[in-house]
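In: what's the 3D shape of this:
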Amino acid sequence: MNVSGKQRRRLVEAIKPIVGIVTIVALAAFVYVSYNSNHGLPFASTYTVNADVPNADRLIKTDEVRIAGLRVGQVSSVSARIAPDGQPYAVLGLSLEPSAGPLPRDTRVEIEAASILGQTYVALTPGTSQIKVRAGGTLPISDAVSSVDLTDLLDIFHRSTVTAIQNTIGSLSGGVAGRGAELNATIYALAQLLGPLERLSRTLTAPQTNLVGFIRGFDAFGRALAPVSRQLAALVGNGSTTFGALASANTALAATINDLPGAESSATTALTSLAQPLRSLASLTVRLRAAGQLLPRSLRGINAALVAGVRPLIALPPFDIKLQQALAELQSFSRNPATRNSLRKLTSALNAVSPLLAVLTPAQTYCNILGLDFRNFASAWGSLGLGDGPSIIDAGVVTYGAFAEELQAASPAFNLHINYLPTEDRQECASGNEPYSLTSQDLSNPASVPSSTVPQTTPPPGVTALARKAGLLP
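Out: As a prediction, this is how the structure comes out:
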């Protein structure tokens, strides 16, 4: 069908409003999509989860969410919460691609810096847990990792400090000019350092490290040193003088250090050989411990003896003269031919008398047998008279002794009262204390211990003192 030009014009005029309306709608849709593109494409399905983090500083809505460096979604919301213990934390709403989920429950959440200008993003590191977080679930704050950005470090400086840092960086430009290779090597080494430095930083920020307690302790240590800062400075100054002296004698010091191994070896050998003598000395010391307890008392006795001996020592020179004279006389006496025979006979007499004295001395000392015998003799025989004529001794039998002793008999009486060698010493005085009756008499020392008490006699004046001085009395 042929259309005339007039009809064509009418058709174009009718289509123009429709094209305008369609164009306006398309432009409106384009503007709407462009304006809301940061919030995700409309009608697109997403995997939405929440993440609790300690701090969401500089993180805003629509910031990227990355896994292994690839963008998998964006931050849909940022809100603040207060924990039951009063600590604040942030809740991030994450809108992710469906292919990114479901995430393991132990997925690590970390806020990283995207540039030095302060832009940030959320880095997710999926864990190995078998428990998955469903859409609308929450990643716990225990898996969130705090990070420190360069902007955080720059914020701690004052304006004047920032200006000084800028000037310093500007001055460094001349220092790095023409040193690209060295700068590249430095950057590479720095990259190798960042991994261990990150682990070190995590260790320092861990609660069990207690870095805050260390800093507080160091601060207390500094305050404690403040009062003695002058003395400490003097000590450091004197130490520098000492080290300077050591530096000037470095040759001799080096020679000494070189000789130390040989000296140490010799000392080790010597000490090894001394081990047995030292053990013997230790054993001797242990055995002398009991004697050491008696040493103070012995020293006091020695001191008293020395003090008491001062006066005799002063009188020793005159005594020495007399002693020399006595020794000279004794030497002359010893050279006399008759002296030897006399000493021999005297020795024989003393040897013969010694057994008698061994028995008689304790008997007299403890049991007073001589005093009692003389007293009994005097009481038995009475006096020697009154001076009017010859004395008459009147002796009579007061009591009977052994059986039938008043008459002659062919055999000894069965109860004969006699003891040829009675025990007379410190323990007992048998003579006069034997058990005796008219029907029985013990002819030897009785089995039971008689009394050691005897009647006392009065010795002549001075005899007791002489006996005690001679050691005969206790």
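In: Can you give me the pLDDT of the one residue sitting closest to the centre of the chain?
Out: For the chain, residue 282 is the residue whose C-alpha lies nearest the centre (Cα atoms, centre = their mean; 23.1 Å). In this prediction, residue 282 carries a pLDDT score of 86.
In: Kindly report the same for residue 351.
Out: 90.
In: list the contacts for it?
Out: Contacts for residue 351 (Cβ atoms under 8 Å, 6 or more residues apart in numbering) come out as none. C-beta coordinates here come from the backbone N, C-alpha and C atoms, glycine included.
In: The one 3 residues further on too?
Out: Neighbour list for residue 354: empty [criterion: Cβ under 8 Å, 6+ apart].
In: Does it fall in a helix, a strand, or a coil region?
Out: Recorded secondary structure, residue 354: helix (DSSP: H, G, I helix; E, B strand; the rest coil).
In: gap between it and residue 361?
Out: Applying Cβ to Cβ, to the nearest Å, the value for residue 354 to residue 361 is 10 Å.
In: Contacts for the helix or strand where the residue nearest to the centre of the chain lies, please.
Out: Following DSSP states H and E, one finds residue 282 within helix 275-287. For helix 275-287, there are no surrounding residues in contact (Cβ under 8 Å, 6+ apart).
In: okay, that helix in CSV with CA atoms only?
Out: The C-alpha trace of helix 275-287 is given here as CSV (Å, rounded to 0.1, in the frame of the first residue of the first chain):
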residue,chain,number,x,y,z
ALA,A,275,86.8,-33.1,94.5
GLN,A,276,88.0,-36.0,96.6
PRO,A,277,90.0,-33.8,99.1
LEU,A,278,86.9,-31.5,99.4
ARG,A,279,84.7,-34.5,100.0
SER,A,280,87.1,-35.7,102.8
LEU,A,281,87.2,-32.2,104.2
ALA,A,282,83.4,-32.0,104.2
SER,A,283,83.2,-35.4,106.0
LEU,A,284,85.8,-34.2,108.5
THR,A,285,83.8,-31.0,109.1
VAL,A,286,80.7,-33.1,109.7
ARG,A,287,82.5,-35.3,112.2
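In: what kind of secondary structure is residue 229 in?
Out: Under three-state DSSP, residue 229 falls in the helix class.
In: That one: neighbouring residues, count only.
Out: The number of residues packed near residue 229 is 10, by other Cβ atoms under 10 Å.
In: Quick check: it vs residue 235, distance?
Out: Taking Cβ to Cβ as the measure, residue 229 falls 10 Å from residue 235.
In: again with residue 294
Out: Taking Cβ to Cβ as the measure, residue 294 falls 50 Å from residue 235.
In: after the lowest-mean-pLDDT helix or strand in the chain comes which helix or strand?
Out: Least confident helix or strand, the chain: helix 150-155 with a mean of 60, by mean pLDDT, DSSP states H and E. Sequence order places helix 159-176 as the next helix or strand after helix 150-155, per DSSP H and E.
In: Kindly provide the whole-number mean pLDDT of that following helix.
Out: Helix 159-176 shows a mean pLDDT of 74.
In: go on, stretch 434-449?
Out: Averaged across stretch 434-449, pLDDT comes to 62.
In: same deal with stretch 317-333?
Out: 82.
In: Please identify the buried residues of the strand or helix carrying residue 359?
Out: Assigned by DSSP H and E, residue 359 belongs to helix 337-367. Residues of helix 337-367 classed as buried: 362, 363, 364, 365, 366, 367 (neighbour count, 16 or more other Cβ atoms under 10 Å).
In: quick one, domains of this structure?
Out: The chain breaks down by automatic domain parsing into domains covering 37-146, 159-209, 295-335, 348-384+398-474.
In: Straight-line length of stretch 107-119, end to end?
Out: Using Cα to Cα, to the nearest Å, one end of stretch 107-119 lies 23 Å from the other.
In: Can you name the element that comes right after the helix holding residue 359?
Out: Remark: after helix 337-367, the chain's next helix or strand is helix 369-381, criterion DSSP H and E.
In: What is that following helix packed up against?
Out: Here helix 369-381 touches helix 337-367, going by 3 or more Cβ pairs under 8 Å, 6 or more residues apart in numbering; DSSP states H and E.
In: quick one: the helix it packs on to helix 369-381, angle?
Out: Put simply, helix 337-367 runs at 70 degrees to helix 369-381, going by axes from the mean of the first three to the mean of the last three Cα atoms, to 10 degrees.
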